[in-house]
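Participant: show me the folded form of this:
(3 chains)
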Amino acid sequence: MEFFQLILYTISTGMLYSLLATGFGFTLRSVKFFNISYGGAFLVGGYVMFLFYRMQNIAFLPSLLLSLTASGLYLLLAYKFIFKILIERKAKNLVLLIVSFGLLTATSAILGMIFGSQATIVTRHLSDIDVVNIFGATLNTVQIVGGLISIPIIILSLAYVRYKTRFGRAVRAIEDDSEVAELVGIPKNKILLKTFFLSGMLAGMGGILEGLDVGIIPASGFLYMLPTIVAVVIGGMQSFWGGILGAFILAIAQQLTIVVFGGSWVQAVPFVILIIMLWIRPEGILKR
Amino acid sequence: MNTTGKIIVWVIVLVLVIWGIISISKNSDTDSDTIKIGFMGPLSGDTANLGQNAQAAVAIAVDEINNAGGVLGKKLEVVYEDDACNGATAANAISKLINADKVMAVLGGACSGATLGATPVAEAAKIPQLSYCSTNPTISQAGDYIFRNVPSDLFQAKYAAEYLIKAGKKNVALLTSKDDYGDGLNKAFTDAFTKAGGTITLTDSFEPSTKDLKSQLVKIKAKNSDAVYFVSYTDPAIAGLKQARDLGIKTQFFGADAWDDTKVWSELGTLGNGAMYTIVGSNSSVDFKAKMKAKLGKDDLIYCSNYAYDGLKILADAITRANSTDGTAIKDALYKTDYTGGVSAKTMTFDANGDPVSAAYIVKVVKDGKAAESAQ
Amino acid sequence: MEYIFHILILLSIYGILALAQNLVMGGTGLLTIAGAAFYGIGAYVAAILATKFGWSIMAILLIAPIIAGLIAFLVGASFARFRDDYFMLATLGFLMIFNTVAKNWETFTNGSFGIAGIPKPYILGFTLDMPMTFVVLAIFILIIVVTVSYLISRSSFGRALNAIREDEDALQIFGYQTSRYKLMIFTIGAAFSALGGVLFASYITFVDPNLFTVNESILLWAMVILGGIGRNRGALIGALFLVIIPEILRFIGFPTEFAGLMRQCIYGLLLVLLMLYQPRGILGKYRL
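Facilitator: Residues are numbered from 1 along each chain as shown, chains lettered A, B, ... in the order given. Alright, predicted model coming up:
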């Protein structure tokens, strides 16, 4: 019984990480640097949702749309006014990394000043979140609707967009070789803007889900980046499905650690796996 | 950036530096017409709620004292500093308070880690330090100038252990946060509970900043325990109890003094029903609660604030009795404290270690978003 | 005034840490988050040797850098083949693992309680327990570190490091075993950071796992980049600015609740703005 419950939890966590990893992968593959400020979009999504849904008491769906737009916009603006300039200057990856770190730090701090450093819970009443019984184990409604239903739909839609639409082809072209892509007439700038927006929305979605389920703190932006990065690196940065694979491997590893060693070691798990992967196979498991 | 840019930057820096120097020198003019006490608390970070609440309580105390004539005929002034619940920040903060602001006593910190970081500075400078919330046992040995008006966690854990045994809960699972608060209570409780004849069925912990206790709770659900001793601050408490409900765990959840934060129960609503926790019996008057509500604009009284309020008054009282602004004299007066009528405890005296002499705990039980003392 | 000595001590410690960071980052362009980890290792070594084994601080000042250097050598050797962003991730992993170990290895590190009561240095019959006397030791160590850093930059070793930062591939073509250079400077940087850690432990007399976090590393990055990468003077100026300005803010009467967050925000923004508009920092000769 508990085993099945643990499996359900692992799936739920794996789904969240998959969502985050997929979104992260988009910008990673297009502009080829680790955009840590992705965590900032996560926070913006969650906090804006809190603002609209809980503080201003706006209905769920409109709040959701507004928050996703906000988080998408956050990353888009970050690209337009910060990253684009640096990329055009042919800045090294490290510079972009440092800048994205700085942006996340500043964003967390500002949100912390506005909303406070303690947990911000997006749900209006925790007692409203019901529990569904699945073969003797339980999951709450946020985890089911968010994790088990919405996320797979989102990921499948993204896969469709990526492989079956013009936009998706353009994105893949840019990932392959952005200069050649430009040469053959792909509007690189426009596509990148859309990619960042999309990426931001995905991060924001993650923030909203966590905000509904357990609550977020300013530090969450950075905290959730860690498993995201690890998932992407393990699974394979160049591959769309890699992030998802890595996400589940990580979720399983974390679960096992808690069960076998206890909760206090779980913090180190992503990193141990990361370092091992970097040693034996830095490109990740899936190549494409 | 071109030369104009650079010039602008340097001008700004210069302005800041000059402003700073002026402020510093204004500060160090030994303001002989006010009595200065320093306050340290976590005004930022995971426990910011606690620190800000305490700050409000102290402000109320200061007003009351000044309206009654001040201390030694002079106005009482409190300088507030943030210790971020962190030893190094606390050491920095207390250093500023003592050396730059020239306070004659310090009320703080709240987190044990912060207090322990600050005590060496206070001890070396011979300035009395009174912690209003740090319960780590090692503070008893921190020094001659170090006091606290909260009892050490050893007592709280012992009380909880005996309470649970008396209630027939012989098999208890432990779930504690991985910081000095959780670890301290974990050790103390394990000792006391096993000595009283109980069995610990399982012990697990979690990072203080995490909100995911699901796996630990699944493990707990698997072991049939009579109760779960769940030690955490606000955020993990909310998350953990919700997740426990989700899992359908019906065992008695028993917590410690940090659960006396109204935010926990207002967020959980009916989900918190039946949870219990230990807290030092407070003497909190309706009057004091009303003043806090007026000051904060909402009904929010975190337990530490009772101690902070009393703590400030105890310090003021000691200064008055010592009739001096000298740290050593105040310290001596503190050892002779016999304070009555406080909001945290009916009486307060300190033992040779600077710890409170007695501690009367009570158990509170939660119903519909509010916690109230349970009928013993 | 006591307070000024206190600030001088902080400046010395951070100066040492910034120099160490600059040596590694500026010298080779290696982005490391491990700065905080070796600082932490130095502090813990000091704490454990002093309180549990009764060593004197002066002896620890000699042994801690060696221990840190050894660990750095092992860690660095494992990570040496990683490039750029992977290296950074690996050092991040190292820091988090160190943090987790510090919290859990209770017999050695006292876990979350930390270690209190670290003694002050005792030299030639004097106990340096006043800030006025401690500052002498702190500045003395700072001068040693500055001198060694200076000598390194001037040597052919230093020139090779600079060249690695500019263009590692070119150097490899010329037959330089670049990973050996990187390893050496990583080790030296770690040793210096450990010195800073020992001073810190002895001054504050208390260490706990929370003192060593990613935020410290970001602060160090900000110092080095602000001052100007590649120049030792730059690291010192960066340290000066980032220690003094927050203290001034304290006096100007900034609302205390926000002080910590405001500082975070400033560090973050600094990183972003500097990289955008003044990548050379204040004094920098080079840019990343």
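
Participant: going by C-alpha atoms from here, please, whenever you check contacts or count neighbours.
Facilitator: OK.

Participant: now the residue of the stretch 151-288 of chain A found nearest chain C, nearest residue through space, not along the chain?
Facilitator: Of all residues in the stretch 151-288 of chain A, residue A:271 sits closest to chain C, at 4.7 Å by CA to the nearest CA. The spatial neighbour of residue A:271 that comes closest, neighbours along the chain excluded (CA to CA, 6 or more residues apart in numbering or on different chains), is residue C:93 at 4.7 Å.

Participant: can you check residue C:129 too?
Facilitator: residue C:120 (5.7 Å).

Participant: dihedrals phi and psi, the one you found?
Facilitator: Here is the backbone geometry of residue C:120 (degrees, to the nearest 10): phi -90, psi 160.

Participant: same question, residue B:296
Facilitator: Note on residue B:296: backbone dihedrals following degrees, to the nearest 10 are phi -90, psi -20.

Participant: touching, it and residue B:55? I think so.
Facilitator: No - counting by CA atoms under 8 Å, residue B:296 does not reach residue B:55; the two are 10.5 Å apart.

Participant: show me which of those two is the more surrounded one.
Facilitator: residue B:55 (23 against 15; other CA atoms under 10 Å in any protein chain shown).

Participant: would you say that one is within a strand?
Facilitator: No - counting by DSSP: H, G, I helix; E, B strand; the rest coil, residue B:55 is not part of a strand but helix.

Participant: now for it: which residues touch it?
Facilitator: Listed by CA atoms under 8 Å, 6 or more residues apart in numbering or on different chains, the contact partners of residue B:55 are B:39, B:41, B:80, B:305, B:308.

Participant: swap in 10 Å and give it another go.
Facilitator: Residue B:55 sits next to B:39-43, B:49, B:61, B:78, B:80-81, B:305, B:308-309 when contact means CA atoms under 10 Å, 6 or more residues apart in numbering or on different chains.

Participant: please apply the same query to residue B:48.
Facilitator: A:116, A:117, A:118, B:41, B:42, B:54, B:82, B:83, B:84, B:85, C:257.

Participant: 6 Å - rerun?
Facilitator: Counting by CA atoms under 6 Å, 6 or more residues apart in numbering or on different chains, residue B:48 touches residue B:42.

Participant: also residue C:16?
Facilitator: C:142, C:196.

Participant: pull out the buried positions in whichever strand or helix holds it.
Facilitator: Assessed by DSSP states H and E, residue C:16 sits inside helix C:2-28. Neighbour-count burial for helix C:2-28, counted by 16 or more other CA atoms under 10 Å in any protein chain shown, picks out C:3, C:5-28.

Participant: tell me the gap between stretch A:68-86 and the middle of its chain.
Facilitator: Chain-centre distance of stretch A:68-86: 15 Å, with CA atoms, centre = their mean, to the nearest Å.

Participant: got a list of contacts for it?
Facilitator: Stretch A:68-86 has contacts (CA under 6 Å, 6+ apart) with A:41, A:44, A:45, A:193, A:196, A:197, A:200, A:201, A:204.

Participant: mind listing the helices in chain B by residue range?
Facilitator: B:3-28, B:48-67, B:87-95, B:112-125, B:153-166, B:180-195, B:214-222, B:234-247, B:262-268, B:286-296, B:303-322, B:327-335 (DSSP state H).

Participant: any weak-confidence spans in the chain?
Facilitator: Defaulting to chain A. A:1, A:288 (pLDDT under 70).

Participant: sorry, I should have been clearer: chain B.
Facilitator: Along chain B, the parts satisfying pLDDT under 70 run over B:1-10, B:12-13, B:16-17, B:19-32, B:282-284, B:299, B:375-376.

Participant: flag every residue of it that's near chain C.
Facilitator: Residues of chain B found near chain C (CA under 6 Å from any CA of the partner chain) are B:1, B:20, B:43, B:44, B:82, B:99, B:100, B:117, B:179, B:180.

Participant: coming back round to it: so the residue of the stretch 151-288 of chain A closest to chain C sits in a helix?
Facilitator: Yes - remark: residue A:271 belongs to a helix, assigned using three-state DSSP.

Participant: report how many residues lie close to it.
Facilitator: Neighbours of residue A:271 (other CA under 10 Å): 23.

Participant: just residue B:143 next, same as before
Facilitator: 17.

Participant: how close does it get to residue B:130?
Facilitator: Look at residue B:143 and residue B:130: by CA to CA, to the nearest Å, they are 11 Å apart.

Participant: then residue B:370?
Facilitator: Counting by CA to CA, the gap from residue B:370 to residue B:130 is 30 Å.

Participant: so between those two, which is more surrounded?
Facilitator: A count of neighbours by other CA under 10 Å puts residue B:130 above the other of residue B:370 and residue B:130, at 30 against 20.

Participant: so the more buried one sits right up against residue B:148, yeah?
Facilitator: Yes - counting by CA atoms under 6 Å, residue B:130 touches residue B:148, with 4.9 Å between them.

Participant: what about the residue nearest to residue A:152 when sequence neighbours are not counted, which helix or strand?
Facilitator: If the residues on either side of it in the chain are set aside, residue A:152 comes closest to residue A:15, at 7.7 Å by CA to CA, 6+ apart. Here residue A:15, judged by DSSP H and E, is contained in helix A:2-31.

Participant: check what pLDDT residue C:283 gets.
Facilitator: Looking at residue C:283, its pLDDT stands at 69.

Participant: what of residue C:254?
Facilitator: 63.

Participant: nothing else from me, thank you.
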